[in-house]
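Asks: The sequence isn't on hand, but the structure is:
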């Protein structure tokens, strides 16, 4: 029995020569929720990566700078026309602010900024859930696999049958853990890139809001002068 237990890790490593389907089967029932989680994570990650590529190509910082310059010169209509034609989210938010009366410009800017930010934030909660849930599912597979292993150790009978059950339990534990951690690690990359993009767009929106605030106050001062 002791020899069988010691040889079970060697038998497990032979499983690495199996294909994905065989590994999936050896991973136990917990592999089904892990598979569903990975499918959701991969789908959302691919969609977010495509969105980030498109959004990066649509950014037009030179248009925003041109709008700032026109606002400084008092050409609000010219700045609004530039923003209306632009695809940059910051430029569109500024254009929305310039399209309404001065007393409503910050409300309009906030609404458009939130609308643009929402596009970036979509899918973030799903990726976060996948990254958090995948290791826990792997851990659950580890527990069920070790329960099978300890159950086989506590049984008597034929040594070859006990060895097979021990090997199966170890395989289930390690495969589930490996898959859960792998999903979480792969999901971290697009999740962190997405968060970085959200922070950048928030920073750009805050700069635009501060700029509009300063020149709105200056215009009011000049109007009362």
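Replies: That came in fine, so what should we check first? A quick note: this is a predicted structure, and the numbers were derived from the prediction, not measured.

Asks: contacts and neighbour counts: CA atoms only from here.
Replies: OK.

Asks: What residues does residue 187 make contact with?
Replies: 41-42, 45, 127, 130-131 (Cα atoms under 8 Å, 6 or more residues apart in numbering).

Asks: With residue 138 instead?
Replies: Residue 138 is in contact with 30, 34, 173, 176-181, counting by Cα under 8 Å, 6+ apart.

Asks: 7 Å instead?
Replies: 176-177, 179-180 (Cα atoms under 7 Å, 6 or more residues apart in numbering).

Asks: Let's have the contacts of residue 187 in JSON lines, adding neighbour count.
Replies: Shown next, in JSON lines, are those (neighbours: other Cα atoms under 10 Å):
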{"residue": "41", "neighbour count": "24"}
{"residue": "42", "neighbour count": "18"}
{"residue": "45", "neighbour count": "23"}
{"residue": "127", "neighbour count": "26"}
{"residue": "130", "neighbour count": "26"}
{"residue": "131", "neighbour count": "24"}
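
Asks: Pass me the low-pLDDT residue ranges in this structure, would you?
Replies: The model of the chain has pLDDT under 70 over residues 1-19, 148-172, 218-225.

Asks: The closest residue to residue 188 other than its chain neighbours is in what secondary structure piece?
Replies: Excluding the flanking residues, the one nearest residue 188 by Cα to Cα, 6 or more residues apart in numbering is residue 131, at 6.9 Å. In this assignment (DSSP states H and E), residue 131 forms part of helix 124-153.

Asks: Report the central residue of the chain.
Replies: residue 191 (2.8 Å; Cα atoms, centre = their mean).

Asks: wait, what's in contact with it?
Replies: Per Cα under 7 Å, 6+ apart, neighbours of residue 191: 124, 127.

Asks: now it: how far from residue 173?
Replies: According to Cα to Cα, to the nearest Å, residue 191 stands 27 Å off from residue 173.

Asks: One more: residue 198?
Replies: 37 Å.

Asks: if you count what's nearby, which of these two comes out ahead?
Replies: Neighbour comparison, residue 198 and residue 173: the larger count goes to residue 173, with 27 against 18 (by other Cα atoms under 10 Å).

Asks: which residues touch the spatially closest residue to residue 144 that is not a sequence neighbour?
Replies: Among residues not flanking residue 144 along the chain, residue 173 sits closest, at 7.0 Å (Cα to Cα, 6+ apart). Shown in contact with residue 173 (Cα under 7 Å, 6+ apart): 141-143, 145-146.
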